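Novice: Fold the following.
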Amino acid sequence: MKKIIYKITFLVLVVGAFSSCDSKLDQVPFDEFGTENAYVTANDFENAIRGTYSGLTAGGMYGGSDGGGLLDAPDVLSDNVTPAQSGRGTRRTLHNWRYGPADGPMNGLYTAGYTVAYRANLILANAEGFEGANKTNIVAEAKALRALAHFNIVSFFGMIPTQSGDANSSLGIAYVTEPDVTIEPARETVGAVYDKIVQDLTEAGADINDDNGAGRMGHDAVYTLLSRVYLYMGQWQNAVNAANQVSTPVAPRSEVVGVWEDTSQAGLLFYIPNEEAVLGLHVGVTWSQGGKTNLIPEYVVSYSFYNSFANDDIRKDAYTMQASNNADGLQFNAIKKLFGRPNQVNGLVDLKILRAAEAYLNKAEALYNLGNETQARAALDVVRTKRYTNPPSGETGTDLRDAIRMERRFEFAFECQRFLDIKRWGLGVERDGFGDLADGSGTPSDVQSLSAGNIKFQLPIAQSSIDVNPNLVQNPGY
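Specialist: Residues are numbered from 1 along each chain as shown. Okay, the predicted model is just below:
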């Protein structure tokens, strides 16, 4: 497959020509003539959209990475995990908030996100002259993927609208809507970026198929993502309305463990199959290597967080495990999510990106903020009744707010969200001070707290990206 060197917005990347999980494109480079030749038939556009999805499997996105991808960074940056001293020391700069522009923290997300946006823009730019039966759906998918890519980038590199009163006027990112490799765009405001994300997702939701099959987004995935975006924007009623568009039921308690071992797809709205012969991504090594008796973890479950799981909460079984390294006599509260399929410990599992439980938790939080506690509690209980044998309920006032936040922490532990939730609530990170071993002893995190409003909540743009684009402004404080 030919490789193309091109500059996407702020940087120079080397990326392969479009490829997908089950097909390969051997295309000429993306110059004027190559683009015309590449986008002609319905099959061309099908292959192109699959190639756009393939960008999500990059290490900085959902493919796992020692540099801190979406699978681990939100937990590494927050309070759900403690670094294990027996590990390789990966992502410690990220965990200890000691990053600067030279470190390029999360630069893999930054570059991969713009790669996905570039591929989506190629489809959208060439779709006008195409009249195939699948055009409307593929255009919708391209818009949804463009929105997802920009949303992931701005969540880390910009403020979140609810984070502070002036967040919407602060530096966001460039929302790139053209497949021009020579542009050097300036950063837009956070408010402008979120408005464009909403526009893309709204248009996508109106036209996308109900179900596009495994590995692709459909109606419920788009509206769940849209509800999250509205939640981040503080548009509570819109968040409720978007969540109400989701009809997929929450995975029942009996299938939660199976979801994370790939024996069930209950409640999954968007996931990417990950087979050894195709993708072969061992994403579980993000957290650990080895088996339950010879485990070498990178991070373990924070001691107090591990003990906050109720014994009848099925997520304790699905997400965590007791493991050891018998050679060193160490016991761990280890992370089981992504560990492997039944009887496997290789970390090769499907990439789960959006789940139905989120729609209900988004709705619960938004309804609470609208002052509708009864419906908020009902939405929360849809999830809780499928996680506990004796689910809690009945909270009011700030107790209900805290219950919604805690259930969100439980549900999405080790799954792309914790740091961003803390950030959008305008809170600080407070770690528990315990060590990395199962009884709370051992070595704690070097740094225990990050105050609300600290500049480190917005990651710095890599200096290499700034060097490429003279119009790119660094985040304040770096």
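
Novice: Every contact and neighbour count from this point should use C-alpha atoms.
Specialist: OK.

Novice: Quick one: neighbours of Ser254, just the number.
Specialist: Neighbourhood size, Ser254 [other C-alpha atoms under 10 Å]: 12.

Novice: helix/strand/coil for it?
Specialist: Using DSSP: H, G, I helix; E, B strand; the rest coil, the secondary structure recorded for Ser254 is helix.

Novice: quick one, what contacts it?
Specialist: Residues near Ser254 by C-alpha atoms under 8 Å, 6 or more residues apart in numbering: none.

Novice: distance of it from Arg409?
Specialist: 20 Å (C-alpha to C-alpha, to the nearest Å).

Novice: Over to Leu145?
Specialist: In terms of C-alpha to C-alpha, Leu145 sits 26 Å off from Arg409.

Novice: who's more crowded, those two?
Specialist: Using other C-alpha under 10 Å, the more surrounded residue of Leu145 and Arg409 is Leu145, with 29 against 18.

Novice: Isn't the more buried one up against Tyr118?
Specialist: No. Using C-alpha atoms under 8 Å, Leu145 is not in contact with Tyr118; the gap is 10.2 Å.

Novice: How is the most centrally placed residue in the chain assigned, secondary-structure-wise?
Specialist: Centroid-nearest residue in the chain: Cys416, 4.3 Å away (criterion: C-alpha atoms, centre = their mean). Assigned by three-state DSSP, the conformation of Cys416 is coil.

Novice: Surely it and Val76 touch.
Specialist: No. At 10.0 Å, Cys416 does not count as touching Val76 under the criterion of C-alpha under 8 Å.

Novice: for the stretch 251-400 of the chain, what spans make up the strands?
Specialist: 268-272, 288-289, 296-297, 299-301, 320-325, 330-335, 351-355 (DSSP state E, counting those that start in this stretch).

Novice: As JSON lines, those strands with mean neighbour count and mean pLDDT would be great.
Specialist: What follows is the strands of the stretch 251-400 of the chain, written out as JSON lines (neighbours: other C-alpha atoms under 10 Å; pLDDT from 0 to 100):
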{"stretch": "strand 268-272", "mean neighbour count": "23", "mean pLDDT": "98"}
{"stretch": "strand 288-289", "mean neighbour count": "22", "mean pLDDT": "96"}
{"stretch": "strand 296-297", "mean neighbour count": "26", "mean pLDDT": "98"}
{"stretch": "strand 299-301", "mean neighbour count": "28", "mean pLDDT": "98"}
{"stretch": "strand 320-325", "mean neighbour count": "19", "mean pLDDT": "98"}
{"stretch": "strand 330-335", "mean neighbour count": "24", "mean pLDDT": "98"}
{"stretch": "strand 351-355", "mean neighbour count": "21", "mean pLDDT": "98"}
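
Novice: Compile these into a markdown table and extend it with columns for distance to Ile138.
Specialist: Below are the strands of the stretch 251-400 of the chain laid out as a markdown table (distance: least, C-alpha to C-alpha, whole Å):
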| stretch | distance to Ile138 |
| --- | --- |
| strand 268-272 | 16 |
| strand 288-289 | 37 |
| strand 296-297 | 41 |
| strand 299-301 | 39 |
| strand 320-325 | 38 |
| strand 330-335 | 37 |
| strand 351-355 | 19 |
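
Novice: Of all those strands, which one comes closest to Val345?
Specialist: For Val345, the closest of the strands of the stretch 251-400 of the chain is strand 288-289, at 7.9 Å, according to C-alpha to C-alpha.

Novice: May I have the helix of greatest length in the chain as CSV, with CA atoms only?
Specialist: As assigned by DSSP state H, the longest helix anywhere in the chain is helix 135-157. The C-alpha trace of helix 135-157 is given here as CSV (Å, rounded to 0.1, in the frame of the first residue of the first chain):
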residue,chain,number,x,y,z
LYS,A,135,-24.7,8.2,-0.2
THR,A,136,-26.9,9.7,2.5
ASN,A,137,-25.8,7.2,5.2
ILE,A,138,-22.1,7.5,4.4
VAL,A,139,-22.2,11.3,4.5
ALA,A,140,-23.9,11.0,7.9
GLU,A,141,-21.3,8.6,9.1
ALA,A,142,-18.5,10.9,7.9
LYS,A,143,-20.1,13.9,9.7
ALA,A,144,-20.4,11.8,12.9
LEU,A,145,-16.8,10.7,12.7
ARG,A,146,-15.6,14.2,12.1
ALA,A,147,-17.6,15.4,15.1
LEU,A,148,-16.2,12.5,17.3
ALA,A,149,-12.7,13.3,16.3
HIS,A,150,-12.9,17.0,17.1
PHE,A,151,-14.8,16.4,20.3
ASN,A,152,-12.1,14.1,21.6
ILE,A,153,-9.4,16.6,20.8
VAL,A,154,-11.1,19.7,22.2
SER,A,155,-12.1,17.8,25.4
PHE,A,156,-8.4,17.5,26.3
PHE,A,157,-6.8,20.5,24.7
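
Novice: model confidence over whichever helix or strand comes after it, on average?
Specialist: Scanning forward in sequence from helix 135-157 by DSSP states H and E, the next helix or strand is helix 190-207. Taken as a whole, helix 190-207 has a mean pLDDT of 98.

Novice: ok, and for helix 190-207, which residues are buried?
Specialist: Across helix 190-207, burial judged by 16 or more other C-alpha atoms under 10 Å covers 190-194, 196-205, 207.

Novice: repeat for stretch 71-89
Specialist: Buried-residue list, stretch 71-89, by 16+ other C-alpha under 10 Å: 71-85.

Novice: Just the closest of the residues you listed to Leu269, please.
Specialist: Leu71 (17.0 Å).

Novice: Identify the residues contacting the residue lying closest to Val301 once chain neighbours are set aside.
Specialist: Of all residues not flanking Val301 in the chain, Val81 sits nearest, at 4.6 Å (C-alpha to C-alpha, 6 or more residues apart in numbering). Val81 sits next to 75, 299-302 when contact means C-alpha under 8 Å, 6+ apart.
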